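>>> have a look at this fold, sequence not included:
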């Protein structure tokens, strides 16, 4: 099937070239696979009668559009209705937990209540980067330290020596000593516990070879609140734009919608392995400017989500240069920095790249997001993360601090874990060997799973799939027959959503339609995580293959 | 000093009556103690040249108003400046961690670097409800369960029996069994783990005697994100208003400002122990309507913050009736539900009250906020909490779910803790006795501390202080001499902030000026927590008394 890549590339270039008039209504066309159900652009209100594909399911469930006191479940007469809801909320979409997941949860319940009611016996959630939900085990050392910090009373009990590694006990003491009053149950400094920020800054220095300042670190409950905070600071009105990759992680479109700004899309080039091309950035920036949009910032996700590419150093330098020249705040989503699978690829932080170029705080405003949810640790439920904020004036820093203060602080376990992932056991520590074995086992298995799924997708008729060089996802392109597209239209759904639904109903495999991430109009994709445990991959591949063959047999033109 | 209460009451009533023209600019006057430094109203942009009292400190530090590239610390030329920042962010204020805390942190550092440099040897943080930072110990049972859930690998080790109570081990198993795949490191359902929501719903039922639905529970990282979520849903523009008590907890004014709505103030009556009076609600609602404001919601904080009053049942019924009649969403901040000190007072949730009145989902939209940060547990650093959302239509519920989904889920330790505080050990459980002793010890000590500080304040010249019936704060009124007010004016600060600064500099005691919470114009207050450990109270009282006498001697008219 590899030969179809060239065809695909030609089609992509054609489509991209022919659809250059963007913004206002046309942004929704570009982001949306289907004109009847556009993914609502963040800067114009979506009419209730024109729902996005991701809210169709809910609307179908309700059978008619809501109006106050129209049915027996009606709320109090003057209360909150869809008409009186903040329209920014109505516009916001988050496909990763959208319609398809609601349906999957429903099927799961049906399976529980009535085993054998579907042609599969479990739901395989490949919709979300949630490794431990699919059986990945936590890193023992990290959990030991967290448990000891949660219940420090056991630290000097003799039984504890038998249950916990010596370096975990030592690390817990170190961390407790960094917390004023050893109070792990107290609100911390609004940016996070100073000692933990020192540790994180040291970890960044060790990673990059350039200084990091603990006062630049803001600890957050995962990366999402940090992204929201920056969008909140940057967005005054729909005239403010944020350059975002398409496809993108839908947190960005959701956050821009919630804050009332404009998503200015730049397209990654699927034909060059989801390349980030500077001419495309320039073109989209100019187009936005000509529409009166003030572009404030550029979002780069590296390694890519949903695309899995790892940017080359030279490319990163061009991006830094572009942001510097255009005065854009560079928002660098670097949460997959530990997830690199291609042997010839390496992660470089944008801070390191910009410092290597001789650019300091006065040259470029840069925010790097990191999370404990990804990497080899995959501690999604702990909600830990940080942003490193450099190149802002003291008065802006004061404002960021103020906004952080309103929510008091992020959770302390997440803060501790963020310090641990940036400072794991070292050679010579008691836990080092077991820690390394756990880490390497997870990362090498992820690399094998990525390859197995990539190969499986590429063996299927009409599907082409770029390599996952990093991150946790594949984003295959699927060439859907006209007959399938017509059937989707008849079912009032987008063609990629139609395919994903059929896949779920036939196999129990949950993937997210490409329309939730954005894609070149007329192309169809889906995002599939590489996270199912290795022993399940053969069954997944076989179920996928059988389903796809049947689907193509049904709809082949 | 008690005789001055009547004088004070007369003054309050006079001032309140004479200052009834509200909204637009006048809101800022009503919320602000000082015309030169108004607390910015959320619905009109604050000019940079007209800073609020809470940002003065920062601005004084910077010595001049910022302009792009105006100094050597300037950011990149086209980057984010105060002028290009989202003005809603600029407007937002959060006094609890404002200027006075920045100064306190600076003094603390000076004390560390140069012991003896100030007339006190430690900073006493009475600015924030953060019990464990002042030495309150966590409840052992809760921490045991959290530690075991963090590191389940030790659950069946023999040493564990010696370190943990049997019921903590049993509870940890129960909780793990409620988590799909026992994966405490996975993202949960967007509303929180279903089994934990079942436990919380059962706890609410036991508390209220009315059914609670786990599907109405949204677990959140503390109560703050839940409040933000509701403000986000309710606020379309500055024409949407939220009725908030004055004085209020500044999360509300901050959140309304960040979401671009209008705070519609209603005044609590200090003369009747911070009474919430329906005629005042009606008057303010009508005044808002006449200004074109659509009032969406009423915020009630019960027990009160910063005021400490516990509402009477009859009063709560009137409030429910008012919301029902006016179609307002009742936002009930019930995070201090376990903090009741007055023997004749009892906490009743607004849900219980409305159900007792025969009102169900169809009659009133009601959101109750709860947090693990308060109560006798005081686990601020864990960031656990929930909101119970009742009386909304399915389509609005769908929208709330969607917004919750964008941030994936709240932290699992916080979720577990929220289930524990709503379902603590019961009679017969191994931990019950020690748990009860810890709980009762904390609550009875808080009651004694509240009384001691209340008495101390009331013994001071010009200070009157209502009883803390509940919550964690006292909000004394201070009658400042004209000479002090003039001195504050000369120092370009609000009189209450002037007093609080002098107090901090003289004693190391950190309290928050009343202007951060709102107060009747011409009156001055400060908020002081009742949280310092009991053995420190005599020294605090003595330092307060000495300072106050000196202050009055210096400024008495």
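That came through fine. Here the structure is a predicted model, which is why all the values come from computation and not from measurement. Numbering: from 1, shown residues only, chains lettered A, B, ... in the order given.

>>> after the longest helix seen in chain A, next one along is what?
Across chain A, the longest stretch assigned as helix under DSSP state H is helix A:432-458. Using DSSP states H and E, the helix or strand that directly follows helix A:432-458 along the chain is strand A:463-464.

>>> partners of that following strand, with directions?
Strand A:463-464 pairs in its sheet with strand A:477-478 (antiparallel), by DSSP bridges.

>>> flag every buried residue along the helix or strand that the partner strand is followed by.
Using DSSP H and E, the helix or strand that directly follows strand A:477-478 along the chain is helix A:482-490. Neighbour counts over helix A:482-490 (16 or more other Cβ atoms under 10 Å in any protein chain shown) mark A:484-485, A:487-488 as buried. Bear in mind the C-beta positions are built from the backbone N, C-alpha and C, glycine included.

>>> could you point out which element follows helix A:482-490?
helix A:495-507.

>>> ok, residues contacting that next one?
Residues from elsewhere that reach helix A:495-507, judged by Cβ atoms under 8 Å, 6 or more residues apart in numbering or on different chains: A:33-34, A:53, A:99-100, A:103-104, A:107, A:118-120, A:124, A:478, A:480, A:484-485, A:487-489, A:491, A:493, A:509-515, A:519, A:524-526, A:543-544, A:546-547, A:550-551.

>>> can you turn the buried part of these into a ChimeraX selection?
Applying 16+ other Cβ under 10 Å to the contacts of helix A:495-507, the buried members can be selected in ChimeraX as follows:
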select /A:33,34,53,99,100,103,104,107,118,120,124,478,480,484,485,487,488,493,509,510,511,512,513,514,515,519,524,525,526,543,544,547,551
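
>>> in helices, which of the contacts of helix A:495-507 appear?
Among the contacts of helix A:495-507, DSSP H puts A:53, A:99-100, A:103-104, A:107, A:484-485, A:487-489, A:543-544, A:546-547, A:550-551 in helices.

>>> tell me the mean pLDDT for the longest helix of chain A?
The predicted model assigns helix A:432-458 a mean pLDDT of 97.

>>> which secondary structure elements does that helix sit against?
helix A:140-150, strand A:463-464, strand A:473-474, helix A:537-555 (3 or more Cβ pairs under 8 Å, 6 or more residues apart in numbering or on different chains; DSSP states H and E).

>>> what sits against the residue nearest to residue A:449 when sequence neighbours are not counted?
Distance criterion Cβ to Cβ, 6 or more residues apart in numbering or on different chains; nearest residue to residue A:449, sequence neighbours excluded, is residue A:530 at 4.6 Å. Counting by Cβ under 8 Å, 6+ apart, residue A:530 touches A:446, A:449-450, A:453, A:468, A:472-474.

>>> now tabulate the residues you listed in CSV and tack on distance to residue B:404 and neighbour count.
Converted to CSV, those look like this (distance: Cβ to Cβ, whole Å; neighbours: other Cβ atoms under 10 Å in any protein chain shown):
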residue, distance to residue B:404, neighbour count
A:446, 29, 24
A:449, 30, 23
A:450, 30, 25
A:453, 30, 24
A:468, 29, 30
A:472, 22, 29
A:473, 23, 29
A:474, 27, 27
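
>>> list just the nearest of the residues you listed to residue B:212.
Nearest to residue B:212 out of the contacts of residue A:530 is residue A:472 (Cβ to Cβ; 37.1 Å).

>>> ok, the closest one touching residue A:532?
No - here residue A:472 lies out of contact with residue A:532, judged by Cβ atoms under 8 Å, at a distance of 11.2 Å.

>>> what's the farthest-apart pair in the buried residues of helix A:482-490?
Taking every pair in these and measuring Cβ to Cβ, the maximum separation is 7.3 Å, between A:485 and A:487.

>>> where along the stretch 51-200 of chain A do the helices fall?
Using DSSP state H, counting those that start in this stretch, the helices of the stretch 51-200 of chain A run over residues A:53-62, A:87-91, A:99-113, A:140-150, A:158-163, A:166-178, A:194-208.

>>> any idea which of these scores lowest on pLDDT?
Lowest mean pLDDT within these: helix A:53-62, a mean of 31.

>>> how far off centre is the longest helix of chain A?
How far helix A:432-458 lies from its chain's middle: 20 Å, per Cα atoms, centre = their mean, to the nearest Å.

>>> show me which residues of the stretch 451-557 of chain A are close to chain B?
Contacts of the stretch 451-557 of chain A with chain B, taken as Cβ under 8 Å from any Cβ of the partner chain, are absent.

>>> low-scoring stretches of the stretch 451-557 of chain A, by residue?
The model of the stretch 451-557 of chain A has no residue with pLDDT under 70.

>>> can you list contacts of stretch A:142-160?
Here stretch A:142-160 makes contact (Cβ under 8 Å, 6+ apart) with A:164-165, A:168-169, A:171-173, A:175-176, A:182, A:184, A:377, A:379, A:382, A:412-413, A:416-417, A:420-421, A:424, A:431, B:140, B:143-144, B:146-148, B:150-151, B:153-154, B:159-160, B:162-164, B:413.

>>> name the nearest residue to the most centrally placed residue in chain A, sequence neighbours excluded.
The centre of chain A sits closest to residue A:249, judged by Cα atoms, centre = their mean, with a distance of 4.4 Å. Nearest residue to residue A:249, sequence neighbours excluded (Cβ to Cβ, 6+ apart): residue A:305, at 4.4 Å.

>>> gap between the one you found and chain B?
Residue A:305 is 14 Å from chain B, where distance means Cβ to the nearest Cβ, to the nearest Å.

>>> likewise for residue A:426?
Counting by Cβ to the nearest Cβ - residue A:426 and chain B are separated by 21 Å.

>>> again, but for residue A:362
Distance, residue A:362 to chain B, using Cβ to the nearest Cβ: 7 Å.

>>> quick check: residues of the stretch 201-350 of chain A near chain B?
Proximity of the stretch 201-350 of chain A to chain B, by Cβ under 8 Å from any Cβ, involves residues A:221-222, A:224-225, A:228, A:232-236, A:251, A:254-255, A:258-259, A:296, A:324, A:326-329.

>>> out of the residues you listed, which are inside helices?
Short answer: those in helices (DSSP H) are A:224-225, A:228, A:232-234, A:251, A:254-255, A:258, A:324, A:326.

>>> just the pLDDT for the residue of the stretch 301-450 of chain A found nearest chain B.
Of all residues in the stretch 301-450 of chain A, residue A:327 sits closest to chain B, with a separation of 2.1 Å (Cβ to the nearest Cβ). pLDDT recorded at residue A:327 is 95.

>>> what is the burial count for it?
When neighbours are counted by other Cβ atoms under 10 Å in any protein chain shown, residue A:327 registers 18.

>>> now do residue A:121
Neighbour tally, residue A:121, other Cβ under 10 Å: 9.

>>> do the same with the one 4 residues further on
Summarising burial for residue A:125: neighbours were counted as other Cβ under 10 Å, giving 22.

>>> could you check how far it is from residue B:130?
Distance from residue A:125 to residue B:130, counting by Cβ to Cβ, to the nearest Å: 38 Å.

>>> residue A:338 too?
As for residue A:338, its distance to residue B:130 is 34 Å (criterion: Cβ to Cβ).

>>> show me which of those two is the more surrounded one.
Ranked by neighbour count (other Cβ under 10 Å), residue A:338 and residue B:130 place residue B:130 first, with 25 against 19.
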